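Enquirer: after the sequence you'll find the predicted model.
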Amino acid sequence: MAAQASFIGQKNKKEQVYTDPWHMMNEAPRTPSFFTGSEVIKEAVRRASCDIMVAYPITPQSEAAALCGELFAEGYIGDYFRGESEFAVMSQCAGAAFGGARVFTTTAGPGTMRAMENFPMWAGARLPIQMIVTCRGINSPLSIQPDTLEISYLMQTGMLVWHAETAQDFYDWILKGYMVSEEPDVHLPLALCCDGFFVTHTKDMVDLTPVDMCLPPYDPYRSPVPCMDMECPPVRMMRDPFVMKSNYISYATHASWQQEVWAAVERSRKHTIRWMDGLIDTENTDADVIVVASGTAVSQSREAIAILEEEGIRVGLVKVKTLRPWPGEEIREATKHAKHIIVPEFNVIGWLAREVSATVPNNERIHAGPHVCGGMTMPPEIIAAEIKTVLGVKAPSLAGRGG
Amino acid sequence: MTTSYRVMPGPEHFLPPSAASMGIRLPDPGQGHIHGSIVSEEEALEEAARQFLSAKVPTIFPGPLVLWAWNDKAAKKAKAIRHLYETIKECVDSSCQHAMLIPMPDYRPKYPKINPEIEINPNHPNLTIWHNKIDACMFVGVHCHQANLSLKIIRGGTNCYTIAMCAQAGHEDAMLSVRDATADKIIRLADWVKKLKGSVAPPAKQSV
């Protein structure tokens, strides 16, 4: 942190003071503000000392991308431009990060999928780019509505993947995300995901840090790979081994490289636990039934738990904050007393339930669902009904809902 | 996460795992690790000195961050590394030990092969280790990613004891690591080598 420390106390061109990040996030006074998730993204980026933001419009992140353009106009971002496509945006982000810039971008749904080739490349090149993913449907027929399926693809890229529940999470995690992902032993891109519309387009009270404080700038000299060395991997991608050679040592080097990316994900645990106060949040883990959820499904589960409590049914909750690193040990510990583990999700495949199933012993305890997708809401009542069904308690049918 | 895994000299496996994936965690400031167990920095420096003194071919691999005088700190570290090398050379038994200083000047994959007598390359570090029969080595001034790449390959295919003197957070893929390296810390390691001279049994005398 030596180079960053040398900036602390100095002012940037907008008269913001480069502030010790721990003080800024944990001790500085907060101002309650009523904002949409998109506006919250703008306010976090205003304080993030970003060098560059590359934008491309795709619902539901377009508003955040446009608001970041305003930040550029106001002088809070070093550079800002629109890419030719999502693939171009992510490639341009890579170029900027290779050059030593702190980079921010946003995407969603089909845009995430179109740019997918870049994400394992970012991770392999150890580029600490931050990408907001405002999740939406990715399948055909086209949907712009909330659906978290794209997260399951991001989880295999070597990126850090966090799943925000609220606008407050979003605000704090954007700023904390840079602190974790830029650690030299981590130095990986971060996909900071939320459920589109539910978080981006609804207003919520968010406690903001002072506008005259900002993060210290990114220090590219702490990178675990040389900054923009055109002669060496990862910048030099082709012609040389390991791409074009077929021999044991080329394969071994490449394998070791991939292992190192995932080792860096593991190393992020320590920093993430410190900044985020753990990889999960828990409530009532001594209950027989525990809901394990991430993103907006956590909020809906809280409502369901409140409904059930009124009926005398006690249910615990595990809020999964980070998907990569995966909080396996924490989930095992939190669910060790549970007879039933309910995993509600906003996607058709149930990727979170799969992850949890691969994590906990006696995974017949896991009930994958309820699932909604394609933009459907998840009324708390259907989570409550699922829990009642599991417990053998009669639950009213919700099939006629919306009729 | 508790783990029984220990980071030991190999050859460990066709493709050894990363130590981080086996639950080995990096030290905090003021600490080091030996075989994955967290120890005080001083303990780690002392053990590193012992490893140098008991090896047949104790070797330092300085990387680009200290080979090029790109700032004052780098130049200062380079001098400290030279001092460490000279100290090791003075303190070992030249009849059965041979200290070496072999640079890792860059990270370019070089084919058909590097010259292992004059350099080490992170993409096939085992060639230099095998060729020179190096049984204890220290990485210093190597970018963290490249160091970990090499340290895993070395653990996989050789029996070399690896030490990493890191300017950042340390290396769990080395058998021993110290973090936040400075020129002063490198000189402290040289002091440990001097202090332990004569108290560490050299390897059995044989040609090296």
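Expert: Looks like it arrived, so ask away.
Enquirer: count the residues that sit near the residue of the stretch 301-403 of chain A found nearest chain B.
Expert: The minimum distance from the stretch 301-403 of chain A to chain B, using Cβ to the nearest Cβ, falls at A:E329 (5.6 Å). Glycine gets a C-beta too; all of them are placed from N, C-alpha and C. The number of residues packed near A:E329 is 14, by other Cβ atoms under 10 Å in any protein chain shown.
Enquirer: cool, and A:G100?
Expert: As a burial measure, A:G100 scores 15 neighbours (other Cβ under 10 Å).
Enquirer: if I look at the closest residue to it other than its chain neighbours, how far off is A:V393?
Expert: Excluding the flanking residues, the one nearest A:G100 by Cβ to Cβ, 6 or more residues apart in numbering or on different chains is A:P220, at 3.3 Å. Separation of A:P220 from A:V393 (Cβ to Cβ, to the nearest Å): 58 Å.
Enquirer: these two: which has the busier surroundings?
Expert: A:P220 (19 against 13).
Enquirer: so A:F35 is in which element?
Expert: Element membership for A:F35 (DSSP states H and E) is strand A:31-36.
Enquirer: how about the CA coordinates for the one helix or strand the residue of the stretch 301-403 of chain A closest to chain B maps to, as PDB?
Expert: Here A:E329 is covered by helix A:328-334, with elements defined by DSSP H and E. Provided in PDB are the C-alpha atoms of helix A:328-334 (Å, rounded to 0.1, in the frame of the first residue of the first chain):
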ATOM      1  CA  GLY A 328     -18.200 -23.400   1.200                       C
ATOM      2  CA  GLU A 329     -16.900 -23.700   4.800                       C
ATOM      3  CA  GLU A 330     -19.200 -20.900   6.000                       C
ATOM      4  CA  ILE A 331     -22.300 -22.500   4.400                       C
ATOM      5  CA  ARG A 332     -21.400 -25.900   5.800                       C
ATOM      6  CA  GLU A 333     -21.100 -24.400   9.300                       C
ATOM      7  CA  ALA A 334     -24.300 -22.300   9.000                       C
END
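Enquirer: so what secondary structure elements neighbour that helix?
Expert: Counting contacts by 3 or more Cβ pairs under 8 Å, 6 or more residues apart in numbering or on different chains; DSSP states H and E, helix A:328-334 is packed against strand A:280-283, strand A:315-320.
Enquirer: out of the ones you listed, which is closest to B:N71?
Expert: Smallest distance to B:N71 across the helices and strands packed on helix A:328-334 (Cβ to Cβ): 42.0 Å, for strand A:280-283.
Enquirer: which residues touch the helix or strand just after the closest one?
Expert: Once the chain leaves strand A:280-283, the next helix or strand it forms, by DSSP H and E, is strand A:289-293. The contact list for strand A:289-293, computed with Cβ atoms under 8 Å, 6 or more residues apart in numbering or on different chains, reads A:284, A:300-301, A:304-305, A:313-320, A:331, A:334-335, A:338-345, A:352, A:356, A:383, A:387, A:390-391.
Enquirer: tell me the angle of strand A:289-293 relative to strand A:315-320?
Expert: 20 degrees (axes from the mean of the first three to the mean of the last three Cα atoms, to 10 degrees).
Enquirer: distance of the residue of the stretch 301-403 of chain A closest to chain B from A:K336?
Expert: 11 Å.
Enquirer: overlap in contacts, the two.
Expert: Shared contacts of A:E329 and A:K336, defined by Cβ under 8 Å, 6+ apart, are absent.
Enquirer: wait, A:C227 touches A:P234, no?
Expert: No: at 11.1 Å, A:C227 does not count as touching A:P234 under the criterion of Cβ atoms under 8 Å.
Enquirer: more neighbours, the two?
Expert: A:P234 (20 against 14).
Enquirer: write out the residues of chain B neighbouring chain A.
Expert: B:1, B:15, B:17-21, B:25-26, B:64, B:106-109, B:111, B:122-124, B:143-146, B:148-149, B:152-153, B:156, B:168-170, B:172-173 (Cβ under 8 Å from any Cβ of the partner chain).
Enquirer: among those, name the buried ones.
Expert: Among these, those classed as buried by 16 or more other Cβ atoms under 10 Å in any protein chain shown are B:17-20, B:25-26, B:64, B:106-109, B:122-124, B:143-146, B:148-149, B:152-153, B:156, B:168-170, B:172-173.
Enquirer: who touches A:H187 in this structure?
Expert: By Cβ under 8 Å, 6+ apart, the contact set of A:H187 is A:126-128, A:181, A:222-225, A:264, B:144-145.
Enquirer: what's the helix or strand for it?
Expert: Short version, using DSSP H and E: A:H187 is in no helix or strand.
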